[in-house]
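> coordinates only, sequence not included:
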Ligand SMILES: Nc1ncnc2c1ncn2[C@@H]1O[C@H](COP(=O)(O)OP(=O)(O)OP(=O)(O)O)[C@@H](O)[C@H]1O
């Protein structure tokens, strides 16, 4: 490996003749400081930047092992070679245990010394590379996203790699996984960060108004358009336009969006004037975009135009300890906001959080932590403080205070999304057919009439599907009538399609 002549080696050797020999071996490549006592060595160590320490064990005033201890406590990364008498195996073992990097048995020649040093420095160099790599690539957070798990490291890397480009990014992932947060990070990393970031959630806007929300409208363009209004496209000029739940657009509007992406020009509703803007597109959906293309709800050409850089946000249940990291930060933040004294979760709660499948992802976790903080006060969160959660989270203890209304294998997910206490998906047991054991112990009811009783999730499916039908397939409108969010309906539909897979894992 490469070394520079200015690196300093501290040689601790009380025998003048030996010191001269070793110094002679080293002096062409290194600056060599020599100490003939332990105290002199400690002084030199404290006053100089030492690159490598070579110390004999036997010294007149102390053991060379004491010098190893001192060096370890002050400079844990300093490479150390210990010189021992031939055959003193126990001493060698002791020195290595204390942190020495290698040893040399007397007598040794120039070649042996050079190889030992070269090996140590090579190891040191590799360690430096690893440390540097970890600093760069393993982060516990990235912009406002908390998490250091492997899947999140992948997300951070993609964001960094494509931030400078103008290529469209297509973010997929379940509801509450942080798709909007991810798009904000993309914008913040880009050269457009000083320009606007405009986010539009198409699922939150009535279908017929999405076009004017994106492109704006002129006065009188439609009933109620009393004044002209700028759309998100113009407001995002020079910056980033984030279109969430893009699948909500009608096919007509999708083709207008496609033209806009291809040409950079658009016309506000009611106007024939073309406006040109420079915008970077990021879009997101919690549905499977290819399935939407197959079903004819999403234009294939638009899909391929947008799907230049795909980015998938992993579900929270796949992020390991990130659950606790995020929960910890939220606990501190909400405690501060609410003037409470919470500092941590006890082991049972931490274990429960790690096992719970979090169908509503980070949004659900955030709601649970907020609920705990608002309704309780203590330093440590215990199981009794947990809101209603699933009895059946694998191997986890049941929250003592929480009522349970799910059956076997049915995480209640009371805090997923906006609908408190709702169960997102069918039970995983498969015991959901009319005459199979029901989630409420219906197996014990032998009365024939009981067969007319459907499991709650089936009733829910029927109600939601009827509402969608009555709204001519318009999901946001159906959601508005049902007083739930459109994304909740999408998630449920996905689960029904996957049928009997409560969290889409099988
Ligand atoms: N890694 C994270 N660290 C901290 N907070 C997060 C993280 N991911 C998401 N959140 C928080 O969780 C909530 C939901 O995030 P966000 O709105 O970005 O999710 P989403 O995937 O866009 O949801 P939807 O599909 O329902 O629109 C927000 O309050 C966000 O701040």
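Now that the structure is in, tell me what you want to look at. Keep in mind that this is a model prediction, so the values were computed, not measured.
> ok, which stretches of the stretch 1-150 of the chain are helices?
16-26, 38-47, 64-74, 89-98, 110-137, 150-163 (DSSP state H, counting those that start in this stretch).
> Any residues of the chain in contact with the ligand? List them.
Neighbours of the ligand within the chain, by Cβ under 6 Å from any ligand atom: 145-147, 173, 175-181, 244, 286, 326, 362-363, 366, 487. The way it works is simple: take the backbone N, C-alpha and C, and place the C-beta from them, glycine included.
> And the residue of the stretch 101-250 of the chain found nearest the ligand, how far from residue 186?
Residue nearest to the ligand within the stretch 101-250 of the chain (Cβ to the nearest ligand atom): residue 178, separated by 2.7 Å. Here residue 178 is placed at a distance of 12 Å from residue 186 (Cβ to Cβ, to the nearest Å).
> any idea which of the helices of the stretch 1-150 of the chain scores lowest on pLDDT?
Among the helices of the stretch 1-150 of the chain, helix 110-137 carries the lowest mean pLDDT, a mean of 82.
> Who are the packing partners of that helix?
Contacts defined by 3 or more Cβ pairs under 8 Å, 6 or more residues apart in numbering; DSSP states H and E place helix 110-137 against helix 16-26, strand 52-56, strand 80-84, strand 102-105.
> now those as a markdown table including distance to residue 139 and mean neighbour count?
Shown next, in a markdown table, are the helices and strands packed on helix 110-137 (distance: least, Cβ to Cβ, whole Å; neighbours: other Cβ atoms under 10 Å):
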| stretch | distance to residue 139 | mean neighbour count |
| --- | --- | --- |
| helix 16-26 | 40 | 15 |
| strand 52-56 | 32 | 24 |
| strand 80-84 | 32 | 23 |
| strand 102-105 | 34 | 17 |
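> so which of those gets nearest residue 225?
Nearest to residue 225 among those is strand 52-56 (76.9 Å), distances taken as Cβ to Cβ.
> For that closest one, which strands pair with it and how are they oriented?
In the sheet, strand 52-56 lines up against strand 8-12 (parallel), strand 80-84 (parallel) (DSSP bridges).
> so which helix or strand takes in the residue nearest to residue 464 when sequence neighbours are not counted?
Residue nearest to residue 464 in three dimensions, not counting chain neighbours: residue 489, with 6.0 Å by Cβ to Cβ, 6 or more residues apart in numbering. Per DSSP states H and E: residue 489 is located in helix 486-498.
> mind listing what's buried in that helix?
486-496 (16 or more other Cβ atoms under 10 Å).
> In the stretch 251-400 of the chain, which residue sits closest to the ligand?
Here the residue of the stretch 251-400 of the chain nearest the ligand is residue 362; by Cβ to the nearest ligand atom that distance is 3.5 Å.
> In this structure residue 380 contacts residue 348, no?
No - counting by Cβ atoms under 8 Å, residue 380 stays clear of residue 348, with 10.5 Å between them.
> ok, those two, which is more surrounded?
More crowded of residue 380 and residue 348, by other Cβ atoms under 10 Å: residue 348, with 16 against 13.
> right, and the helix or strand after the helix or strand that one falls within?
Taking DSSP H and E as the definition, residue 348 sits inside helix 347-355. For helix 347-355, the following helix or strand on the C-terminal side (DSSP H and E) is helix 361-375.
> and the angle from that next one to helix 347-355?
150 degrees (axes from the mean of the first three to the mean of the last three Cα atoms, to 10 degrees).
> Going by neighbour count, list what's buried in helix 361-375.
361-373.
> how is the protein carved up into domains?
8-136, 141-314, 320-404, 423-442+450-506 (automatic domain parsing).
> pretty sure the residue of the stretch 251-400 of the chain closest to the ligand contacts residue 326?
Yes - look at residue 362 against residue 326 with Cβ under 8 Å: they come within range, at 6.1 Å.
> Strands of the stretch 351-500 of the chain, residue ranges please.
For the stretch 351-500 of the chain, applying DSSP state E, counting those that start in this stretch gives strands covering 380-381.
> Report the separation between residue 325 and residue 332.
Distance of residue 325 to residue 332, given as Cβ to Cβ: 11 Å.
> no, scratch that, I was asking about residue 112
Residue 112 is 55 Å from residue 332, where distance means Cβ to Cβ.
> Residue 104 too?
Here the criterion is Cβ to Cβ. By it, residue 104 lies 51 Å from residue 332.
> Could you give the number of residues near residue 335?
For residue 335, the neighbour count with other Cβ under 10 Å is 19.
> One more: residue 477?
By other Cβ under 10 Å, 18 other residues sit near residue 477.
> That one and the ligand, how far apart?
The gap separating residue 477 from the ligand is 18 Å, by Cβ to the nearest ligand atom, to the nearest Å.
> Brilliant, that's me finished.
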